[in-house]
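Trainee: sequence first, then the predicted structure:
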Amino acid sequence: MGFFTIKQKRMAKKCSVRDLQIGYQNSDFALERASYAGDKKALKEAMKEHRKYEYALLYRNTPEFKKKRRK
């Protein structure tokens, strides 16, 4: 799939689902804090981090990932 980056695929492979979920939750809290503070730079950085974890979790559900895990 061309939708996911190499970093996201590597993250999905190396991290457990639980680690990805914890990272996702932490990045979600960072997003909330940055939005309440109104800091655009912090919000942009938090969104990048949040996107990495979210896409890594989504990639784990794809047939491509499941096919590679079976090998």
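Mentor: Nice, I can see it. Residues are numbered from 1 along each chain as shown.

Trainee: give me the secondary structure label for the nearest residue to Leu58 once chain neighbours are set aside.
Mentor: With CB to CB, 6 or more residues apart in numbering as the criterion, Leu58 has its nearest non-adjacent residue at 7.8 Å, and that residue is Phe4. All C-beta atoms are positioned from the backbone trio N, CA, C, and that covers glycine. What DSSP: H, G, I helix; E, B strand; the rest coil gives for Phe4 is coil.

Trainee: ok, Phe4 - how many residues close by?
Mentor: The number of residues packed around Phe4, counting by other CB atoms under 10 Å, is 17.

Trainee: contact partners for it?
Mentor: By CB atoms under 8 Å, 6 or more residues apart in numbering, the residues touching Phe4 are Tyr55, Leu58, Tyr59, Thr62.

Trainee: which other helices and strands contact the helix or strand Ala46 falls within?
Mentor: Ala46 belongs to helix 40-59 when elements are defined using DSSP states H and E. Other helices and strands packing on helix 40-59, by 3 or more CB pairs under 8 Å, 6 or more residues apart in numbering; DSSP states H and E, are helix 6-14, helix 17-37.

Trainee: dump the worst-scoring helix or strand of the chain on mean pLDDT to CSV, restricted to CA.
Mentor: Lowest by mean pLDDT, DSSP states H and E among the helices and strands of the chain is helix 63-70, with a mean of 82. Extracted as CSV, the C-alpha positions of helix 63-70 are listed here (Å, rounded to 0.1, in the frame of the first residue of the first chain):
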residue,chain,number,x,y,z
PRO,A,63,-4.2,-7.3,4.6
GLU,A,64,-0.7,-6.4,3.6
PHE,A,65,0.5,-6.3,7.2
LYS,A,66,-1.2,-9.5,8.1
LYS,A,67,0.2,-11.3,5.0
LYS,A,68,3.7,-10.2,6.0
ARG,A,69,3.3,-11.3,9.6
ARG,A,70,2.4,-14.9,8.5
